[in-house]
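Peer 1: Please find the sequence and the predicted model below.
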Amino acid sequence: MKVLHVITGLEVGGAELQLRLLLRRLPARCEVISLTTPGPLAAAIEADGIPVTHLGMTDNRDLSALPRLAGLIRAGGYDLVHTHLYRACVYGRIAARLAGVRAVVATEHSLGDAVIEGRRLTRGVRTLYRATERLGSATVAVSDTVAARLRRWGVPERRIHVVPNGVEAHRFAYDPAARATVRARLGLPTDAFVVGGVGRLVPGKRFDVLVRAVTRLPGVQLLLAGDGPEREALRRMAEQFGSGDRIRLLGARDGADGPAAGEAPSIPGLLSAIDVFVSPSPDEAFGLAAVEALASGLHVLYGSCPAVDDLPADQAPGARRFSPGVHELTAALRELRRSGPGRLPVPPVVRRYDIERSAQDLMAVYEAAVAAARRRTRPAPVPAPQPAGPASPALPPGVSLPDPSPAPSPGRRRTASR
């Protein structure tokens, strides 16, 4: 099976990193098209042997990208097109239809109740999403919570498939040597109480709540990995409260193992170095960063994490939800600091979200979509001519032979695959 993945961009983010993990495991010939600029993950995916093409799309209304994308899909001879993130889903579904590809799968990575990919949901966004969703074969939800949101939007149940995000748990296992190395490199005392966070620095993630909470806790350190438009505002906020030396904005980090070269740690190194992980976002689609933190044996405080909330409480005993306010988070951190949290056993939730399982489930969706597309495009069999013979016997009363003239075609109706 030849599969084309269309994604909005390849900056360091949850959807982009998840795509790279899946590309390493899917038993299919895959290629990638990035609508916008390459981003740092493009080189990493190419190093894995996956071709990456960039369209250089300038903004959401750059309609010149549509015929170019359709042409690339047509020329590639793909069995299936898989789209990721909102802009790529809208453009990719239309382009695939124009190119004649009928097996189209979309993954909804970042659909919240009020935001999508950190941006406010508007009526226009919903309308365009629903209109183009009908052009696809299936929509993959990364959690039961997202599946419920899609149903509320009017996406038919038969078109929704839940394939959770996956993690490579062993890569995030707690490493005492990495903890010592990262703390020494950053000049952190071995006995310091260190809080950590990971994510895009956009308003919807509410990292301002985390920064303000830490400013209220003298001596507490914060390591925040990620980049985005809020970075400078967060830096100014930390300085305004006189905590600039305790709050470190590390920038975007990849998922490489161990401490990264230079000063800033990789994500596994950061998780080994900290004592508590905080995800203050009140509106998540899955909560991948929180699951990675649980894989490191950390206590996790979160505002929203469907990966945890969709399961029984005993699947993630180290995770605790808090109301996304500064006072509540400050109190929770103060309590954990007082108790000296230590490391926890890796909880069952981590084993549930194994990347190998996610790849297998996604491949099953691919196979069903391709099979359904082939059934829709297969020409109807032509009946063989009957030899001339004696007249037909008399028919019972009330029974007549069908009219041999062809009936008017009602038009082909598209059926959705499960």
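Peer 2: It's in. Residues are numbered from 1 along each chain as shown.
Peer 1: And this protein, what are its domain boundaries?
Peer 2: 2-166+355-376, 169-352 (automatic domain parsing).
Peer 1: Asn60 versus Ala364, what's the distance?
Peer 2: Going from Ala364 to Asn60 by C-beta to C-beta, to the nearest Å gives 32 Å. Any C-beta I mention is one placed from the backbone N, CA and C, and that applies to glycine too.
Peer 1: still on that earlier bit, output the domains of the chain as a markdown table; include the columns mean neighbour count.
Peer 2: Formatted as a markdown table, those follow (neighbours: other C-beta atoms under 10 Å):
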| stretch | mean neighbour count |
| --- | --- |
| domain 2-166+355-376 | 19 |
| domain 169-352 | 19 |
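Peer 1: Adding mean pLDDT, write those domains out as CSV.
Peer 2: As requested, the domains of the chain are exported to CSV (pLDDT from 0 to 100):
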stretch, mean pLDDT
domain 2-166+355-376, 92
domain 169-352, 92
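Peer 1: where do the helices sit along the stretch 101-250 of the chain?
Peer 2: 123-133, 144-153, 176-186, 207-215, 231-240 (DSSP state H, counting those that start in this stretch).
Peer 1: Could you point out the longest helix of this structure?
Peer 2: helix 355-377 (DSSP state H).
Peer 1: Counting by contacts, list what that one packs against.
Peer 2: Contacts defined by 3 or more C-beta pairs under 8 Å, 6 or more residues apart in numbering; DSSP states H and E place helix 355-377 against helix 14-23, strand 80-84, strand 104-108, strand 138-141.
Peer 1: For the longest one, name the packing helices and strands.
Peer 2: Looking back up the chat, that one is helix 14-23. With contacts defined as 3+ C-beta pairs under 8 Å, 6+ apart, helix 14-23 has these neighbours: strand 2-7, strand 29-34, helix 40-47, helix 288-295, helix 355-377.
Peer 1: can you list the ones you listed in TSV and add distance to Ala273?
Peer 2: Converted to TSV, the helices and strands packed on helix 14-23 look like this (distance: least, C-beta to C-beta, whole Å):
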stretch	distance to Ala273
strand 2-7	31
strand 29-34	32
helix 40-47	22
helix 288-295	12
helix 355-377	24
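Peer 1: tell me the contacts of Ala307?
Peer 2: The contact partners of Ala307, taken as C-beta atoms under 8 Å, 6 or more residues apart in numbering, are 143, 164-165, 286-288, 290-291, 349, 353.
Peer 1: give me that answer again for 7 Å
Peer 2: Applying C-beta atoms under 7 Å, 6 or more residues apart in numbering, one finds that Ala307 lies in contact with 143, 164, 286-287, 290-291, 349, 353.
Peer 1: Export stretch 161-176 to PDB, keeping only CA atoms.
Peer 2: Taking C-alpha atoms only, stretch 161-176 is exported to PDB below (Å, rounded to 0.1, in the frame of the first residue of the first chain):
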ATOM      1  CA  HIS A 161     -12.500   5.500  14.500                       C
ATOM      2  CA  VAL A 162     -10.700   5.900  17.800                       C
ATOM      3  CA  VAL A 163      -6.900   5.300  17.400                       C
ATOM      4  CA  PRO A 164      -5.200   6.800  20.500                       C
ATOM      5  CA  ASN A 165      -1.800   8.500  20.300                       C
ATOM      6  CA  GLY A 166       1.000   6.200  21.200                       C
ATOM      7  CA  VAL A 167       4.300   6.600  23.200                       C
ATOM      8  CA  GLU A 168       7.600   4.800  23.200                       C
ATOM      9  CA  ALA A 169       7.500   4.300  27.000                       C
ATOM     10  CA  HIS A 170      11.100   3.000  27.300                       C
ATOM     11  CA  ARG A 171      12.500   6.300  26.000                       C
ATOM     12  CA  PHE A 172      11.000   8.200  28.800                       C
ATOM     13  CA  ALA A 173      12.000   5.900  31.700                       C
ATOM     14  CA  TYR A 174      13.500   7.700  34.700                       C
ATOM     15  CA  ASP A 175      17.300   7.900  34.400                       C
ATOM     16  CA  PRO A 176      19.200   9.100  37.600                       C
END
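Peer 1: outside of that stretch, which residues touch it?
Peer 2: Against stretch 161-176 from outside (C-beta under 7 Å, 6+ apart): 18, 21, 138, 140-144, 147, 257, 268, 271-272, 286, 288, 291-292, 295-297, 307, 343, 346, 350, 353-355, 357-358, 361-362, 365.
Peer 1: all strands in the stretch 301-418 of the chain, in order from the N-terminus.
Peer 2: 319-321 (DSSP state E, counting those that start in this stretch).
Peer 1: For it, which segments count as helices?
Peer 2: Under DSSP H, counting those that start in this stretch, the stretch 301-418 of the chain gives helices at 306-309, 326-339, 348-352, 355-377.
Peer 1: Minimum distance to Ala28: which of the ones you listed has it?
Peer 2: helix 355-377 (6.9 Å; C-beta to C-beta).
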